[in-house]
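Trainee: Sequence first, predicted coordinates after that:
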Amino acid sequence: IAVRGLVNPRPADAINPELSTGEIEVDVRELRILSASEPLPFQVNEEHMLAGEDLRLQYRYLDLRRPELAQMLALRHRAAMTARAHLAGQGFLEIETPLLVKPTPEGARDYVVPSRVHHGRFYALPQSPQLYKQTLMIAGCDRYFQLARCLRDEDLRADRQPEHTQIDIEMSFVREDDVFQLIEGLMGHVFKEVLDVALAATFPRLTYDQAMNRFGTDKPDTRFGLELVDVTGIGAASDFQVFKGMAEVGGCVKGLCLPGGGVKS
């Protein structure tokens, strides 16, 4: 719309100090519609989004105007720039690797792209830059990083998606502790600069055996308080053949102890 009118001071009870124009208002004398618009499919300023995901994705350009998502884009940008600056300061080179590659054995299926000049042949989209970064190490570029786009033809699951971006790093002639120290420093710097959150200089570490014995998985969420408890002795003395048989062959029986669980219906 285009508005023409007189600019007047706002009444004292209508002043909004949070706006740069909060002390004035326009006494409208003329209003023209410059471009008509259909009613919005959902309100972009809603604190609690009620629209379904399909509708939001259909009108993604509106969904991204919501403050919550706009802030996420800005946060992602700051995290990426901070990570780049930190790694560059540690002597790493950011090198962009190809997206059209030869298929290589990976953990998932490849996305394939037909070649226009080689009829009947295909490129693969990279599941990771693994071969290229190892080539760089051989070539003498012993500190490489990239905010790499990885594409994997997988079904959607909680921990799987067709594409993701990862901070991909490779170093030559280093030990485990060198990698730990680099990542701890990187994460600490990003969290401090982007979120003003101070992380510990070193992160708690679990061996594989500790993780499996305590949580039953090699990627545990340590916030989960119900750790596994060894009850092999109880299982061996029980009449339940599954537990008893496992104990007899040298296996172990474990369970979760739920405090107060015995009185819960």
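Mentor: That came through, no problem. Residues are numbered from 1 along each chain as shown.
Trainee: use CA for all of it now, contacts and neighbours both
Mentor: Will do.
Trainee: got the residue ranges for the helices in the stretch 1-150 of the chain?
Mentor: Taking DSSP state H, counting those that start in this stretch, the helices of the stretch 1-150 of the chain run over residues 53-58, 60-63, 67-89, 130-138.
Trainee: Tell me the buried residues in the longest one?
Mentor: Using 16 or more other Cα atoms under 10 Å as the burial criterion, the residues of helix 67-89 that qualify are 78-79, 82-84, 86-87.
Trainee: With pLDDT and distance to Q71 added, can I get the residues you listed in JSON lines?
Mentor: As requested, these are arranged in JSON lines below (pLDDT from 0 to 100; distance: Cα to Cα, whole Å):
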{"residue": "R78", "pLDDT": "97", "distance to Q71": "11"}
{"residue": "A79", "pLDDT": "97", "distance to Q71": "12"}
{"residue": "T82", "pLDDT": "98", "distance to Q71": "16"}
{"residue": "A83", "pLDDT": "98", "distance to Q71": "18"}
{"residue": "R84", "pLDDT": "98", "distance to Q71": "20"}
{"residue": "H86", "pLDDT": "97", "distance to Q71": "22"}
{"residue": "L87", "pLDDT": "98", "distance to Q71": "24"}
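Trainee: can you put the helices of the stretch 1-150 of the chain in TSV and add distance to V28?
Mentor: Output for the helices of the stretch 1-150 of the chain, formatted as TSV (distance: least, Cα to Cα, whole Å):
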stretch	distance to V28
helix 53-58	35
helix 60-63	28
helix 67-89	29
helix 130-138	63
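Trainee: Out of these, flag the one nearest G261.
Mentor: helix 53-58 (37.3 Å; Cα to Cα).
Trainee: for the helices of the stretch 1-150 of the chain, which one sits closest to N16?
Mentor: Each of those has some distance to N16 by Cα to Cα; the shortest is helix 67-89, at 20.1 Å.
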